[in-house]
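S.K.: Sequence plus the predicted model coming up.
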Amino acid sequence: MGLFKSKFLKVYGFPIAVLLAIIIGSLWGNMLGEDASIFKPFGDIFLNLMFTLVVPLVFFTISSSIANMIDLKRLGKIMGYSLIVFVITCIIAAVVMVLAVKIVDPVGSSNILIDNNVVTESVGIGEQIVSTLTVSDFSQILSRKNMLPMVIFSILFGIGVSCLGESGKKLSNILDSISKALMKVVKIIMYYAPIGLCAYFMNLVGTFGLSLVEGYLRSFILYTTVGIIYYLVFYSLYAFISAGKLGVKQFFKNILNPTSVALATQSSLATLPTNLDAAKEIGISKDIREVSMSVGTSMNMHGSVMGAILKIAFLFSVFGREFSGLDTYLIAILISVLSGVVMSGIPSGGLIGEMLIVSMYSFPPGAFLIISTIGIIIDAPATAINVVGNPVSAMLVSRLVEGKNWLKKKFSC
């Protein structure tokens, strides 16, 4: 019993502390009303500490990950098909959540409206693409307002270091060490998170009432509902495409254990051994399951993609913007796929994805804490969707690599 409590607290201790801090701050803020603003500086301290870290964190984590990456050419056909499957299925997950938030507003009729104070100018699509992806001066990359150019520069720098070969090994090790040091700093700052978030939500609820908390509950219900539908319908569809009725049968026969472990641990990495065992029982070849699923654990995050769309739609509602228009949808899908395929594979990728959302849509700094709370709330169901997406993606890769009857051949042997 003591061991169970120890494991439970290790997995859920910090999220519970954060959620309790938010609840206490919200209730206290509701009682104090506008007087709760005196606690705002304590929330701002946490926010400023996180924003101070974001630029070096993005650069060193991404560049070190790329610089230390294994040679993808060695992975050949399996890796190539895996990446194609990851991107396509993540785009589908993003589109599903876009449709969901258009049907059901994640905030609803809670009447939350925070002034954004952003004046937008009408610019052509070409100019918008250029300004979104690049900056005209290196110094501008050092601002958190230009996150995507920073991400692109970091990737290019990492590739450059990797191309140096043996002579770039020392630089690669330095980048990796700084990246690890910054992650330690993040952990240190996160000890202050319950206090900072309690103070921040005290001020927020004191100013706007409990409507925001109602919005979080509504978002959790929406995400969980859409997640269950995606799990049952789309994963069944992918399994059927990969190996017909036999594929669906084998998939659901073996996937409940990884789902349970994912919900319990809230960690895709911790679920990998269970997931690999399930893939073996499904009938996926050893090389395909080990390559595709090992990479997929950090690069195939359907749940994270759906969560990113929900966060974007939530902020649009909170800040009184209209979540509509093809350009808005395309940018949202791009950001969500970056979060689920590219950034999830690097340390603190979720944090960087949230910063990217705030930066790309020019939301004020406080928006970061609003959506990071959503990330905590939906973590368990999102992890389950992420985890289960890996064996079904490996099934699709098997279909592409080994042919239409790959699973029938396994069971006929």
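M.R.: Good, I have the coordinates.
S.K.: what about this protein, any weak spots by pLDDT?
M.R.: The chain contains residues with pLDDT under 70 at 1-12, 69-76, 108-129, 131-132, 208, 211-212, 264-265, 269-270, 341-350, 413.
S.K.: for it, which residue is closest to the average position?
M.R.: Centroid-nearest residue in the chain: residue 304, 3.8 Å away (criterion: CA atoms, centre = their mean).
S.K.: Skipping its backbone neighbours, what lies nearest that one in space?
M.R.: residue 340 (4.5 Å; CB to CB, 6 or more residues apart in numbering). Every residue, glycine included, has its C-beta placed from N, CA and C.
S.K.: Am I right that that neighbour is in contact with residue 296?
M.R.: No - with contact defined as CB atoms under 8 Å, residue 340 does not count as touching residue 296 (10.8 Å).
S.K.: higher neighbour count, these two?
M.R.: A count of neighbours by other CB atoms under 10 Å puts residue 340 above the other of residue 340 and residue 296, at 32 against 28.
S.K.: helix/strand/coil for that one?
M.R.: Three-state call for residue 340 (DSSP: H, G, I helix; E, B strand; the rest coil): helix.
S.K.: Contacts only, for it.
M.R.: 90, 93-94, 300-302, 304-305, 308 (CB atoms under 8 Å, 6 or more residues apart in numbering).
S.K.: now swap in residue 234 and tell me
M.R.: Applying CB under 8 Å, 6+ apart, we find residue 234 in contact with 92-93, 96.
S.K.: at 7 Å what do you get?
M.R.: With contact taken as CB atoms under 7 Å, 6 or more residues apart in numbering, residue 234 is in contact with residue 92.
S.K.: Would you agree residue 78 is in contact with residue 289?
M.R.: No - Residue 78 lies out of contact with residue 289 (CB atoms under 7 Å); the separation is 9.9 Å.
S.K.: Looking at these two, which one has more neighbours?
M.R.: residue 289 (26 against 21).
S.K.: excluding its backbone neighbours, what's nearest that one?
M.R.: Counting by CB to CB, 6+ apart, the residue nearest residue 289 is residue 279, at 4.1 Å.
S.K.: Where does residue 83 sit: helix, strand or coil?
M.R.: Applying three-state DSSP: residue 83 is helix.
S.K.: thinking again about what came up before, I'd like the next helix or strand past the one helix or strand the residue nearest to the centre of the chain maps to.
M.R.: Residue 304 is part of helix 302-318, with elements assigned from DSSP states H and E. Using DSSP H and E, the helix or strand that directly follows helix 302-318 along the chain is helix 326-337.
S.K.: Please enumerate the helices of the stretch 1-150 of the chain.
M.R.: For the stretch 1-150 of the chain, the helices defined by DSSP state H, counting those that start in this stretch occupy 2-32, 40-67, 76-103, 125-133, 138-141, 147-163.
S.K.: Quick one, which of the ones you listed gets closest to residue 351.
M.R.: helix 40-67 (7.4 Å; CB to CB).
S.K.: so what secondary structure elements neighbour the closest one?
M.R.: helix 147-163, helix 169-190, helix 193-208 (3 or more CB pairs under 7 Å, 6 or more residues apart in numbering; DSSP states H and E).
S.K.: quick one, which of those is packed in tightest?
M.R.: helix 193-208 (a mean of 23; mean count of other CB atoms under 10 Å).
S.K.: I would like the residues contacting it, please.
M.R.: Where contact means CB under 7 Å, 6+ apart, the residues beyond helix 193-208 that reach it are 17-18, 21-22, 24-26, 28-30, 32-37, 39-40, 42-43, 45-46, 112, 114, 212-213, 369.
S.K.: Drop anything exposed from those.
M.R.: Neighbour counting with 16 or more other CB atoms under 10 Å marks 18, 21-22, 25-26, 28-30, 32, 36, 39-40, 42-43, 45-46, 112, 114, 212-213, 369 as buried within those.
S.K.: For residue 278, which non-adjacent residue is closest in space?
M.R.: Using CB to CB, 6+ apart and skipping residues adjacent in sequence, the residue nearest residue 278 is residue 254, 4.4 Å away.
S.K.: burial count for the one you found?
M.R.: Residue 254 is flanked by 18 other residues according to other CB under 10 Å.
S.K.: next one: residue 291
M.R.: Residue 291 has 20 neighbouring residues, counting by other CB under 10 Å.
S.K.: Grab the nearest non-local neighbour of it.
M.R.: Nearest residue to residue 291, sequence neighbours excluded (CB to CB, 6+ apart): residue 78, at 4.9 Å.
S.K.: So which of the helices of the stretch 1-150 of the chain is nearest residue 231?
M.R.: So among the helices of the stretch 1-150 of the chain, helix 76-103 is nearest, using CB to CB, at 10.8 Å.
S.K.: Having no further points to raise, I will conclude here.
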